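Q: Just the structure for this:
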Amino acid sequence: MAERVIPLVDQRIAALAARVPLHATAPTGLLTDTLGRPLRDLRISVTDRCNFRCNYCMPKEVFDKDYPYLPHGALLSFEEITRLARLFLAHGVRKIRLTGGEPLLRKNLEALVAQLAALRTVDGLPPDLTLTTNGSLLARKAKALKDAGLNRVTVSLDGLDDTVFRRMNDVDFPVADVLAGIEAAHAAGLSQIKVNMVVKRGTNDHEVLPMARHFRGTGTTLRFIEYMDVGATNGWRMDEVLPSAELLERLRAQLPLVALDPSTTGETAERWGYANAAGEHDPALGEIGVISSVTQAFCHDCNRARLSTEGKLYLCLFATQGYDLRTLLRGGASDEAIASAIAPIWQQRNDRYSELRSSLPADTGSGARRVEMSYIGG
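A: Below is the predicted model of the structure:
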């Protein structure tokens, strides 16, 4: 049986759980860490299960048929997730992303979407509610998700060539069904649909141009992600990373592009618009994005927190420890106590792994292991 590696829980949360402040400080709507980064984005993993076995995320040799997934009772309920989300919104979160694993495997997910859509930010606005999916179940779920209040969807798709795609997802799933899910999302009225492509040199980098040509002018924004060293099971090697600068050279040799301004602070993707004959961005042709967390780290304005399936709070995609909020939830703590526990966790945050990657000692496997991406979402 494959061994499940559960990241260690920082012992400071035990102190927070046991020593609830007598005079809790009400959230102000602005929570910053040691580097001045505000908390604005909450990514919530609703399941640790996935029906794909992509080798950069959940390789089959580790996540096999005997892999011990979390029991249902360990998962946060929809009501627990909603309660925590409401407290994070009070601290200044404006965007909530549902992720996994594959989030659409969580039964009746649209009920959670409806609960979250009814919440409000400190500005009195609905949160920007979005979801990341592999698209395998999207065709049958898109309308229900939109009707429940989902704003946007991001679909992971690593190539158009069916043979390549089936090999990468490692469960022989056809690319046509993912494309049908994207079309269903458009038909349901979901806006700003994005497709994320993890580019691995020597595996699917020849699909970069076909993907760009396919989605150009369709209303879907394609984003290319550098293959990252997340978790401890994907066998990451730097020579398999295709730097975004090289990827852009390939694209611009065939498809004229112009640089676009960031759409929001803390945005992970560098934006490029397709140009018309005059060399200007043509909105009808759309845009692409490149996410360069290996070669051009963006830690300096990272405003994202991650909540795991079982209620642990992680401060970085490359974290080795999480903070156990579920114990507070199920131990009878008040909203004020939980909000007061969340605040110092973020305030002491100094994570910037991607910026420090090149200066860190080589990972020999002897130290604390990074949390798996399938456990906290990308």
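Q: Determine the longest strand present in the chain.
A: Longest strand in the chain by number of residues (criterion: DSSP state E): strand 191-199.
Q: For that one, buried residues please.
A: Across strand 191-199, burial judged by 16 or more other C-beta atoms under 10 Å covers Ile193, Lys194, Val195, Asn196, Met197, Val198, Val199. C-betas here are computed from N, CA, C, even on glycine.
Q: And the pLDDT for the first one?
A: Confidence at Ile193, expressed as pLDDT, is 97.
Q: rewinding a little: what does the longest strand of the chain contact?
A: If you take C-beta atoms under 8 Å, 6 or more residues apart in numbering as the criterion, strand 191-199 is touched by 54, 56, 132, 151-159, 182, 185-186, 204-205, 207-208, 211, 215, 219-227, 242, 247, 289, 291, 378.
Q: Look up phi and psi at the spatially closest residue to Leu285 that is not a sequence neighbour.
A: Excluding the flanking residues, the one nearest Leu285 by C-beta to C-beta, 6 or more residues apart in numbering is Tyr274, at 3.6 Å. When read as degrees, to the nearest 10, the backbone of Tyr274 gives phi -70, psi 130.
Q: Please, which helix or strand holds Leu112?
A: helix 109-117 (DSSP states H and E).
Q: Can I get that helix as CSV, trimmed to CA atoms?
A: Below are the C-alpha coordinates for helix 109-117, written out as CSV (Å, rounded to 0.1, in the frame of the first residue of the first chain):
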residue,chain,number,x,y,z
LEU,A,109,-21.3,20.8,-5.2
GLU,A,110,-23.8,23.3,-6.6
ALA,A,111,-25.3,23.5,-3.1
LEU,A,112,-22.0,24.7,-1.7
VAL,A,113,-21.8,27.2,-4.6
ALA,A,114,-25.2,28.6,-3.7
GLN,A,115,-24.2,29.0,-0.1
LEU,A,116,-21.0,30.8,-1.0
ALA,A,117,-22.7,33.0,-3.6
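Q: what mean pLDDT would you report for it?
A: What helix 109-117 shows for mean pLDDT is 98.
Q: so how far is that helix off the chain centroid?
A: How far helix 109-117 lies from its chain's middle: 18 Å, per C-alpha atoms, centre = their mean, to the nearest Å.
Q: what comes into contact with that helix?
A: 46, 78-79, 81-82, 85, 96, 98, 103, 106, 126-127, 129, 131, 141, 144-145, 147-150.
Q: tell me which residues of that helix are tucked away?
A: Neighbour count says helix 109-117 has Leu109, Glu110, Leu112, Val113, Ala114, Gln115, Leu116 buried, by 16+ other C-beta under 10 Å.
Q: what about the residue nearest to Leu285, neighbour count?
A: 20 (other C-beta atoms under 10 Å).
Q: give the contact list for it.
A: Contacts of Tyr274 by C-beta under 8 Å, 6+ apart are Arg216, Gly217, Leu255, Pro256, Leu257, His281, Asp282, Leu285, Gly286, Glu287, Ile288.
Q: Stretch 86-97 spans what distance, first to last residue?
A: End-to-end span of stretch 86-97 (C-alpha to C-alpha, to the nearest Å): 14 Å.
Q: and that stretch, what's its mean pLDDT?
A: Stretch 86-97 comes out at a mean pLDDT of 98.
Q: next one: stretch 264-276
A: Averaging pLDDT along stretch 264-276 gives 85.
Q: Now do it: distance to the chain's middle.
A: Between the centre of stretch 264-276 and the centre of its chain there are 18 Å (C-alpha atoms, centre = their mean).
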